[in-house]
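Asks: Sequence and predicted structure are below.
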Amino acid sequence: MSFHFRLSKKLLLTLILIFVAVTQIYSDIPLHRKRQARPVKMGTSGGNANDQTSEFCCSGTLGAVVRDAQGINYILSNNHVLGIANKAKIGDAITQPGGIDTNCETPDSNIVARFTRFVKIKFGQNTNNKVDAAIAETIQGQVNTSGFILEIKNPGQPAEAQLGMGVKKAGRTTGLRRGVIDTLNLTVKVSFSNQCGSDGSKVARFTDQIGISDAPGGTKPPFIAGGDSGSLLVKNVGNCPATIGLLFAGDDIGNAAANRIQNVLGTLGQGMKMVGCGSQAMQIEDPYALTMNHPEVLNAAAIQNRYQDALLSIQGVVGVGIGFTKPNSRELGLVVYTLRGSDAAKASTIVPQRLENLPVLKKITGEFKAL
């Protein structure tokens, strides 16, 4: 049996106007926040379906695809994105887009992976975490297993971060943004919410991190914002960009922190590798590149290690690392991250100007948060 009905011209016009309005609203949603056609690409909104309260839901970025020695594919992102900062359960639904972009609705049709494992975050002012990382096993047909990232394409294999290197990322909130690595061996205090939408926070200290700032001449929005956590950090080149790190934190003026990708893959274990282009670790072309393997950087790191705890005990100091002392110079120094408005940032005598043979540079930042 079939039915047929005729719409009045007035009703038809109303429906057309509604359709146009809804289409316009959807077209105005940034690419990285939309529900992606299956199989989904990375660099998009996503998160754990259980990361919500009665009033709020939280999400981040599905950063990349990794594969273990058995050939199983996983989505890579942060513990605080997929693992709810140590609270997730194996098998939790991972959705695309995340609940924050679906009015906290998490229908089964949005599930693309199942939570598998996180690297536990240790909280406390004197802890020494190296990664904020988690993985979720992909559901067949739901994730693009070539590793494709929106606006970046296929990422390359790991390479060492180097001072002054141009980098980029594709994240849920700010999309494709470019920056510069300005700090190596960064130890930084990062605030995490107690639960989704909570004002209360707990602090974890991270070591051996990469510090990134907005690219010179960059325009708003800044390099990183809330919801960009989990984005893959890659070299700023067009074809097969080397993978450098996993973004997880930043302040409110564009400074960001990323885990070294070597630490991420090594901690996850089981022969974990990046899915993308290339088959082995990528080499930095510049033989004089200042990476963590360079003798000058290693010397600076030894000095940093001797004074780091004392510097971080100063009120208003949130991070210490190694960087250039001034633009267009290869002179290395200790970079001390000081909160804007704090005495450490304003006064000239609280933070020493030199330690042993290294100059000390103050970098003004906001509070670093897991975004």
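Replies: Right, received. Where do you want to start? Residues are numbered from 1 along each chain as shown.

Asks: Who are the contact partners of the most centrally placed residue in the chain?
Replies: The centroid of the chain falls nearest to Leu247 when counting by Cα atoms, centre = their mean (2.2 Å). Shown in contact with Leu247 (Cβ atoms under 8 Å, 6 or more residues apart in numbering): 63, 169, 171, 212, 224, 228-233, 256-258. No exception for glycine: its C-beta is placed from N, CA and C like everyone else's.

Asks: change it to 7 Å
Replies: Lys169, Ile224, Asp228, Ser229, Ser231, Leu233, Ala256, Ala258 (Cβ atoms under 7 Å, 6 or more residues apart in numbering).

Asks: do you know how far it is from Glu105?
Replies: Separation of Leu247 from Glu105 (Cβ to Cβ, to the nearest Å): 27 Å.

Asks: just Lys346 next, same as before
Replies: According to Cβ to Cβ, Lys346 and Glu105 sit 47 Å apart.

Asks: and if you look at Gly91?
Replies: As judged by Cβ to Cβ, Gly91 and Glu105 stand 20 Å apart.

Asks: Check Gln308 too.
Replies: Distance, Gln308 to Glu105, using Cβ to Cβ: 45 Å.

Asks: Which one of these two is surrounded by more residues?
Replies: Neighbour count, other Cβ atoms under 10 Å: between Gln308 and Glu105, Gln308 has more, with 19 against 11.

Asks: the strands in the stretch 101-250 of the chain, which residues?
Replies: 111-118, 124-129, 134-138, 166-171, 175-193, 201-214, 232-235, 243-250 (DSSP state E, counting those that start in this stretch).

Asks: Need the mean per-residue confidence for stretch 163-176.
Replies: In this model, stretch 163-176 has a mean pLDDT of 96.

Asks: end-to-end on that stretch?
Replies: 21 Å (Cα to Cα, to the nearest Å).

Asks: May I see the buried residues of that stretch?
Replies: Within stretch 163-176, the residues scored as buried using 16 or more other Cβ atoms under 10 Å are Leu163, Met165, Val167, Lys168, Lys169, Ala170, Gly171, Arg172, Thr173, Thr174, Gly175, Leu176.

Asks: Next: stretch 309-316.
Replies: Neighbour-count burial for stretch 309-316 [16+ other Cβ under 10 Å]: Leu311, Leu312, Ile314, Gly316.

Asks: Name the SS class of Gln315, please.
Replies: Three-state assignment for Gln315 (DSSP: H, G, I helix; E, B strand; the rest coil): coil.

Asks: now it: how far from Gly341?
Replies: From Gln315 over to Gly341 the distance is 12 Å, taken as Cβ to Cβ.

Asks: which ones are touching Val65?
Replies: Met42, Asn73, Ile75, Leu76, Val143, Thr145, Gly147, Val275.

Asks: Could you identify the buried members of the residues you listed?
Replies: Judged by 16+ other Cβ under 10 Å, buried ones among the contacts of Val65: Met42, Asn73, Ile75, Leu76, Val143, Gly147, Val275.

Asks: show me where pLDDT drops low in this protein?
Replies: Within the chain, the segments meeting pLDDT under 70 span 1-29, 284-285.

Asks: Break down it into its helices, ranges please.
Replies: Counting by DSSP state H, the chain has helices at residues 9-28, 79-82, 261-268, 295-312, 343-346.

Asks: Would you reformat the buried residues of stretch 163-176 as TSV and include distance to Ser193?
Replies: Compiled in TSV, the buried residues of stretch 163-176 are given as follows (distance: Cβ to Cβ, whole Å):
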residue	distance to Ser193
Leu163	32
Met165	31
Val167	27
Lys168	27
Lys169	22
Ala170	24
Gly171	18
Arg172	17
Thr173	16
Thr174	20
Gly175	24
Leu176	27
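
Asks: Pull the most distant pair out of the residues you listed.
Replies: With Cβ to Cβ as the measure, no two of those lie farther apart than Leu163 and Arg172, at 27.9 Å.

Asks: Go through the strands of the stretch 101-250 of the chain and pick out the most buried.
Replies: Across the strands of the stretch 101-250 of the chain, averaging neighbours per residue (mean count of other Cβ atoms under 10 Å) puts strand 243-250 on top, at a mean of 29.
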